[in-house]
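Q: got a predicted structure plus its sequence, pasted below:
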Amino acid sequence: MSHKSEHRLSADGTTINADLNSKEADGYSTPLETPATPSPPSPEKESKEPQTLEAPAAVTTTTTTTDNATPTSSTSPDGNGHGKAPPVAPEAQRTKLETTLVMVALCIALFLAALDMTIVTTAVPTISAHFHSTSGYVWIGSAYMLGSAALVPTWGKLSDIFGRKPILMTAVVVFWVGSLLCALSTSMGMLIAARAIQGVGGGGTIVLPNICVADLFSARKRGVYFGFLGMIWAVASAIGPIIGGAFTQKVSWRWCFWVNLPCGGLAFAILLFFLKLHNPRTPVKAGLAAIDWVGNVLIVGGTIMLLMGLEFGGSQYPWNSATVICLIVFGVVAIAIFLLYESRIAKFPVIPVRLFNTRTSIATYVTSSLHAFTFISGSYYLPLYFQSVLGANSLLSGVYLLPFVSVMSLMSAFVGFFINKTGKYKIVITSGLALSTLGFGLFTYLGDRPHWERIVLFQMVAGLGIGPNFQAPLIALQANVAPRDIGAATSSLQFVRQLCTATSVAVGGVVIANRMQAQQGHLTAELGADVARLFAGTDAASNVDRIKSLPVDDRQIVRTAYWNSIQIMFAVFTCSCFLGLVASFFIKQTTLSKQHTEHKTGLQTLKAEERKKNQINDEETGNAAAVVAPTTEK
């Protein structure tokens, strides 16, 4: 009997095997390997899948690159490369200049999104005064955070369906439009709405660069580029208040948003012409039909309710108020229903529950979450320490933070090169968390008076520990999940990190407020009831500037009270960092491949994955029936 092999052209012009039971179901073109002689198929499979019988010597086409090699393709009946080679996939043909330009564009996009999380913090008083609004100031920051965090999983799934490049460029455009509307705002309501739009785009430009790097480079080499992205994130988050304050004082608060337009436009242009990734050319109608709408509504709604509860608690409403309790409880319930729906019903889940099926994956999520929980406490509350205890203004407090930021960003970049050289990521994660625990523990010894050698040294130790773990856990997660799940794993990890970031700010605020309230008796005895009331509970954080108006002796009493509260808060975050250290020991070290294989996105890959899952379920059901049958006969 003669055998035929069916093959067809993909959207990018390369020849691919028609057999959907290949490893392409995992989202990759398989690396070149010699196929084994197939065993004769069973009659059942022959009736169901006739085309798989056709090719015992199927033509295998791959696009494979190594870190230091030119991409090669080979096609032959025996899989050994003897035969005429088809065209090399265009996404694998990148020069060093193209790689540099693409990474510059990805870094710009990430920098702008991270910058806008904090750039308005020093501009909020001026903006509130400009619009004569005393109630809307909270929403200037919250609207961006809500829009950014809530849609992170959605951006990741959209890139699986429609391809990375079109979805990333869409996110950049949404962020650009939101920035333009912010700069042109004529009322507080318009600004808040524009910040929400900006946040939606920002969520995409935060997570998609990490997904694109996973598609562009081998697992071993990703560390270098992830290190750069981590450095960009750390720097942007820390210098945001400094840049925002400079714009507000020297030019106009609107420049906090105008600056995004030329930079965002440059990133868009570079990505348009130089980013080469697989484009599935998914029809819009078919792609929209494949979106998990129920899952998206549940996760977006649950996230918004949870974050609003955390944002309102202790600021606009007491923590024990019905508003805050209902928002948090309903948010948690919605997220729980989302996870149940994703595991039982969703055809193409936003966050596949199988991501949490292994010890390493769970440990990685826990480790990365606690790292984010700890990191933001340093970036957010060290400036509060500088302002409340040392008497610095908002701009100077940003300058005092430079030892933490500079060491943290340099370590993020260095660790990327280390992982690329050695392939070791577990030691990076564990040692980083150990240093972080030490550094935040040292923060509890900063004191209520300026000891500059401690301030600089302790920040450097903490930065040495925080820096490595911006991206190392992501490398660990990607190395321990199926290739088809890299997009979902990356977006879900970023999602839980952003939830932990918001939770961290709320927890730190609660600790400080409770400790300041507990010291009211002492402050009242020393300062009088009227003055002490200014620094009670939740009012303490918003009345830091009032300290300067007190007599010199009274200032030190208040600053000592602030220090006692901040000291307890840093002790709490030291404990959270230690828990992350414990979790890191459960992460498995695997070998990082130097081989780069082309990643396939689109409905074809998703449907192949669904068929593969159904086939496995059918086989498990059949095996179970075969075991039960003899028992029934007896």
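A: That came through fine.
Q: pretty sure Phe586 sits in a helix.
A: No. Using DSSP: H, G, I helix; E, B strand; the rest coil, the assignment for Phe586 is coil, not a helix.
Q: surely it is in contact with Thr360?
A: Yes. At 7.0 Å, Phe586 counts as touching Thr360 under the criterion of Cβ atoms under 8 Å. Just so you know, the C-beta spots here come from the backbone N, C-alpha and C atoms, and that holds for glycine as well.
Q: looking at the two, which is more packed in?
A: Counted by other Cβ atoms under 10 Å, Phe586 and Thr360 do not tie: Thr360 has more neighbours, with 18 against 13.
Q: residues contacting that one?
A: 476, 480, 586-588 (Cβ atoms under 8 Å, 6 or more residues apart in numbering).
Q: so which of these wins on neighbours?
A: Ala476 (27 neighbours).
Q: my guess is that one contacts Ile427, does it?
A: No. Taking Cβ under 8 Å as the definition, Ala476 is not a contact partner of Ile427, at 11.2 Å.
Q: ok so, going back, out of the contacts of Thr360, who's nearest Ala489?
A: Asn480 (8.9 Å; Cβ to Cβ).
Q: from Phe356, how far out is the closest one?
A: Separation of Asn480 from Phe356 (Cβ to Cβ, to the nearest Å) stands at 12 Å.
Q: break the protein into its domains for me.
A: 1-92, 94-291, 353-509+567-588 (automatic domain parsing).
Q: dump those domains to TSV, plus mean pLDDT.
A: Formatted as TSV, those follow (pLDDT from 0 to 100):
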stretch	mean pLDDT
domain 1-92	41
domain 94-291	89
domain 353-509+567-588	91
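Q: for burial, what's the neighbour tally of the closest residue to Ile568 other than its chain neighbours?
A: Spatially, and ignoring its direct neighbours in sequence, Ile568 is nearest to Arg515 (5.4 Å; Cβ to Cβ, 6 or more residues apart in numbering). Applying other Cβ under 10 Å, we find 19 residues neighbouring Arg515.
Q: same check on the one 4 residues further on?
A: Gln519 is flanked by 22 other residues according to other Cβ under 10 Å.
Q: Trp563 is in contact with that one, correct?
A: No. The pair Gln519 / Trp563 is not scored as a contact, 10.7 Å apart, by Cβ under 8 Å.
Q: one step back: which element, helix or strand, includes the residue nearest to Ile568?
A: Under the criterion of DSSP states H and E, Arg515 resides in helix 486-518.
Q: so the residue nearest to Ile568 is in contact with Thr560, correct?
A: No. Assessed by Cβ under 8 Å, Arg515 is found out of contact with Thr560, at 11.9 Å.
Q: where do the strands sit along the protein?
A: Under the criterion DSSP state E, strands of the chain are mapped to 7-9, 15-17, 60-66, 72-76, 595-597.
Q: contacts only, for the most centrally placed residue in the chain.
A: By Cα atoms, centre = their mean, the mean C-alpha position of the chain lies nearest to Gln494, the distance being 2.3 Å. Taking Cβ under 8 Å, 6+ apart, we find Gln494 in contact with 152, 206-207, 210.
Q: so of those residues, which ones are in helices?
A: Among the contacts of Gln494, the ones falling in helices (DSSP state H) are 152, 206-207, 210.
Q: so how far does stretch 524-536 reach from one end to the other?
A: One end of stretch 524-536 sits 10 Å from the other (Cα to Cα, to the nearest Å).
Q: ok, and what's touching that stretch?
A: Residues contacting stretch 524-536 (Cβ under 8 Å, 6+ apart): 516-517, 520, 523, 539, 543, 546, 550, 554, 557-558, 561-562.
Q: lowest-confidence one in the residues you listed?
A: When the contacts of stretch 524-536 are compared on pLDDT, Asp539 comes out lowest, with 80.
Q: count the neighbours of that one for me.
A: Asp539: 14 surrounding residues under other Cβ under 10 Å.
Q: skipping adjacent residues, who's closest to it in space?
A: With sequence-adjacent residues excluded and distances taken as Cβ to Cβ, 6+ apart, Asp539 is closest to Arg533, at 7.5 Å.
Q: and what of Thr501?
A: Nearest to Thr501 is Ile376, by Cβ to Cβ, 6+ apart, at 4.7 Å.
Q: tally of neighbours for Thr186?
A: Quick note: Thr186 (other Cβ under 10 Å) scores 8 neighbours.
Q: would you mind measuring from it to Phe247?
A: 19 Å.
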